[in-house]
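A.B. asks: I would like to see how this sequence folds:
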Amino acid sequence: MARRDHSAAWLLFGATLLFAAAAAAAQDCASAKFQPGKTFQRCISLPVLGASLSWTYHPANGTADLAFRPAPQTTAGWVAWGINTDGARQMAGSSVFIASQDASGVAPVLMTVLESTSPSLTNGSLRFDVPVAPVTEYAGGMYTIYGTVALPGNATQQNTVWQAGPLTGGRIAPHPVAGPNLQSTMRLDFLTGGRSTGASNSRVYRRNLRSFRGSNPAGGDNLPVKKIPVLTHN
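C.D. replies: Next up is the predicted model:
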């Protein structure tokens, strides 16, 4: 009996730590600062790559204003966020925004459909409307992609993806094919903030841009979602 009580105490302690970490993560995304005039009603600290997503959903027209921000990078690299309209939780088939710095230090946004695990990275139209063209902010090694998307099928639940990887010679290079880079997918409800990471098998995960190459310089668990009535950005 004592052993059972001891185990239960450790389980309770572990659960408390996880809850505290989740609460801290929610507070982190809620206190994020953005460009002047950029405000969002909800945010979530994504489970991998130190990323967060902030957004405001507009039910009247089925669009969402959003800001995607991954963890700061120690070396030059690229970041991506998007939606897979094929109903799969993987990078291949996704329509994404990709940001990376060019030779002049500017960080343009590439809009492309990842048609396979070796995408062409052709800048063009996505498989959903983009009423407001995306822009990127880069400061302190940290990217922030801002954009407005029309949610595919006017559905609030979408398979979202995000990613980060290196540049080689100023070109987008493949991201790591282990750990967090193979887990960066989530089904997200833009109306309620409900989400599920829904682990797939490792074989599917390895489709996650393992051959991500191109010439253009430049993706329910108890993950905390924060509803923010008003955000003040200095």
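A.B. asks: Pull out the buried positions in stretch 144-160.
C.D. replies: 144-152, 156-160 (16 or more other CB atoms under 10 Å). Every residue, glycine included, has its C-beta placed from N, CA and C.
A.B. asks: mind checking pLDDT for the residue most central in space within the chain?
C.D. replies: With distances taken as CA atoms, centre = their mean, Trp162 lies nearest the centre of the chain, 3.9 Å away. Looking at Trp162, its pLDDT stands at 96.
A.B. asks: So it sits against Leu49, correct?
C.D. replies: Yes. Trp162 is within contact range of Leu49, at 6.6 Å (criterion: CB atoms under 8 Å).
A.B. asks: Please, where are all the helices along the chain?
C.D. replies: If DSSP state H is used as the criterion, the helices of the chain fall at 2-30, 202-205.
A.B. asks: looking at those helices, which one has the lowest mean pLDDT?
C.D. replies: helix 202-205 (a mean of 34).
A.B. asks: So the residue lying closest to Phe68 once chain neighbours are set aside versus Met186, what's the distance?
C.D. replies: Nearest residue to Phe68, sequence neighbours excluded (CB to CB, 6 or more residues apart in numbering): Trp81, at 3.9 Å. As judged by CB to CB, to the nearest Å, Trp81 and Met186 stand 11 Å apart.
A.B. asks: The two: who's more crowded?
C.D. replies: Trp81 (29 against 24; other CB atoms under 10 Å).
A.B. asks: and that one, what are its bridge partners?
C.D. replies: Beta bridges link Trp81 to Phe97, Trp162, judged by DSSP bridges.
A.B. asks: so it sits right up against Arg69, yeah?
C.D. replies: No. Using CB under 8 Å as the test, Trp81 is too far from Arg69 to be in contact (9.3 Å).
A.B. asks: intersection of neighbour lists for the two?
C.D. replies: 53, 145 (CB atoms under 8 Å, 6 or more residues apart in numbering).
A.B. asks: Quick one: find the helix or strand in this protein with the lowest mean pLDDT.
C.D. replies: Least confident helix or strand, the chain: helix 202-205 with a mean of 34, by mean pLDDT, DSSP states H and E.
A.B. asks: contacting residues around the residue lying closest to Pro70 once chain neighbours are set aside?
C.D. replies: Among residues not flanking Pro70 along the chain, Ala51 sits closest, at 4.1 Å (CB to CB, 6+ apart). Contacts for Ala51 (CB under 8 Å, 6+ apart) come out as 45, 68-71, 162, 164, 184.
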